[in-house]
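Engineer: what shape does this take:
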Amino acid sequence: MTSKVHLTFLGTADQIPSRARNHTSILLDFHEEHILIDCGEGTQRQFRKANLNPCKVTRILLTHWHGDHVLGIPGFLQTLAVSGYNKSLYIYGPKGTKEKMKKLLEVFNFYKTYEIKVEEISPGVFYEAEHFNLKAEEMEHGTPTLAYSFEMIGNTRIDKDKMRKLKLPEGPHLQKLKEGKDITYEGKKYSSKDLVYIEQNKKVSIVLDTKLNKKIIPFVKGSDIFVCEGTYSDKLKKEAEEHLHMTVKQAADVAKKSKSKKLILTHIGGRHAKEMKELLKEAQSIFPNSTLARDLDKFEI
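Structural biologist: Sure thing, here's the model as predicted:
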C-alpha cells in the first residue's frame, strides 16, 4: 500500500472561470480512495485534461452550494452513469445538501446505474477507515459551509524495497519485525531496525470560501498541506469582509499560526489575473512556503 497522498487541482478560479482557470475542484487520491472536493462547472472535462478516470472517484465533499462549487455535479454524475460506474457514490455536504441533491436529480434525470448516498455533515470526524479519517468544521460564508481535513494515520511499516533486495518474502514472519524483534528466516538473520520505519501522520486541510474566523486555526493545526482560498489581495480587505471571504495575507497568517508546513492558495480572484506575482509575494511575506495553485497542478506528501 502506498502511503503517498496526492492532490490534483482540477479548477482554481473564483466565481467566474477564465481561459486559464476552471471553476473550483480538487481531487485527493490515497490508495483506493479518490475524493473529489467540490465539483465546479467543467470538472469532468478537467479530468480528461489531467488524464484521470472519473469512475475512480469514491466520495464527493461539498463545501457549500454556491454555483461555482457545484454546477459540475449533474454532468459528472451522468458521465459516471454512461461510463459503467458500479460503486456506491458517497456525497457529503452541509445542511440542506440532501434536499438540494434530490431536486438536482429530479431536474437532471438520467438512468442511474449506481447508488448515490447523500449525507449532511456536522463538525467532527464523519468518516473513519483503517488508514485515514475525514473531519469537517463549520465556516462562515452566509450559507451553510464546511471546511474539510483528511488525516492519514501513521503506522509502523516495513521497507518493501529493502525486503526485495534482501529477497525476504511476505508472510506472517514480518509481524515480529514490526514489533521491533529481529528474525531468522530460512537460516538468515534479519534486523528490525534495518527494515522497519515509523510513518508519521499526514494531514491535508481544505478551507475554501469563508470569512476569517476563530475555528480555522485549531481545525487546520499541524497540516502538512493547508489549502485555502486566495480570492482577494490585502488591498481589497474591506471588499473581502463584505463578501465573507479571506484575503491572501489572512490565509498566510493562518498557515503560520497553525504551524502548517505548506500553504497552497486556490479559488484565485480573477481581478488579480495580472498580479499573480504580487499576490504570491503577499503570502510569502508572512508564510514563505506558500504557492499559488494553477489548473492541473499536482502535489504529494
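
Engineer: rest of the way, CA atoms for contacts and neighbours
Structural biologist: Fine.

Engineer: quick one: the helices in this protein?
Structural biologist: Along the chain, the stretches classed as helices by DSSP state H are 43-49, 67-70, 73-82, 97-107, 160-166, 174-178, 192-195, 216-220, 237-242, 248-257, 276-284.

Engineer: how about those helices, which one is nearest residue 88?
Structural biologist: Proximity to residue 88, assessed across those by CA to CA, is greatest for helix 73-82 (11.2 Å).

Engineer: looking at it, residue 104 is touching residue 74, isn't it?
Structural biologist: Yes. At 7.2 Å, residue 104 counts as touching residue 74 under the criterion of CA atoms under 8 Å.

Engineer: who's more crowded, these two?
Structural biologist: Neighbour count, other CA atoms under 10 Å: between residue 104 and residue 74, residue 74 has more, with 18 against 14.

Engineer: which ones are touching that one?
Structural biologist: When contacts are counted by CA atoms under 8 Å, 6 or more residues apart in numbering, residue 74 touches 104, 105, 108.

Engineer: do you know the pLDDT at it?
Structural biologist: Note on residue 74: pLDDT of 96.

Engineer: ok, it to residue 85 distance?
Structural biologist: 15 Å (CA to CA, to the nearest Å).

Engineer: just residue 194 next, same as before
Structural biologist: When CA to CA is the yardstick, residue 194 and residue 85 sit 43 Å from each other.

Engineer: neighbour count: the two, which is higher?
Structural biologist: For residue 194 versus residue 85, neighbours defined as other CA under 10 Å are more numerous around residue 85 (20 against 12).

Engineer: now the more buried one: closest residue in space that isn't a chain neighbour?
Structural biologist: Of all residues not flanking residue 85 in the chain, residue 55 sits nearest, at 5.6 Å (CA to CA, 6 or more residues apart in numbering).

Engineer: surely the one you found touches residue 78?
Structural biologist: No. Proximity of residue 55 to residue 78 does not meet the contact threshold set by CA under 8 Å, at 11.1 Å.

Engineer: what's stretch 233-249 in contact with?
Structural biologist: Outside of stretch 233-249, the residues that reach it under the criterion CA under 8 Å, 6+ apart are 140-142, 209-212, 229-232, 265, 272, 279, 282-283, 286.

Engineer: buried residues in that stretch?
Structural biologist: By 16 or more other CA atoms under 10 Å, the buried positions in stretch 233-249 come out as 233, 234, 237, 240, 245, 246, 247, 248, 249.

Engineer: take those residues and lay them out in a markdown table including distance to residue 160.
Structural biologist: Conversion of the buried residues of stretch 233-249 to a markdown table gives the following (distance: CA to CA, whole Å):
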| residue | distance to residue 160 |
| --- | --- |
| 233 | 46 |
| 234 | 48 |
| 237 | 50 |
| 240 | 49 |
| 245 | 46 |
| 246 | 44 |
| 247 | 44 |
| 248 | 42 |
| 249 | 43 |
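
Engineer: now pLDDT too, for those residues, in CSV please.
Structural biologist: What follows is these, written out as CSV (pLDDT from 0 to 100):
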residue, pLDDT
233, 96
234, 94
237, 95
240, 96
245, 97
246, 97
247, 97
248, 97
249, 97
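
Engineer: okay then, goodbye and thanks.
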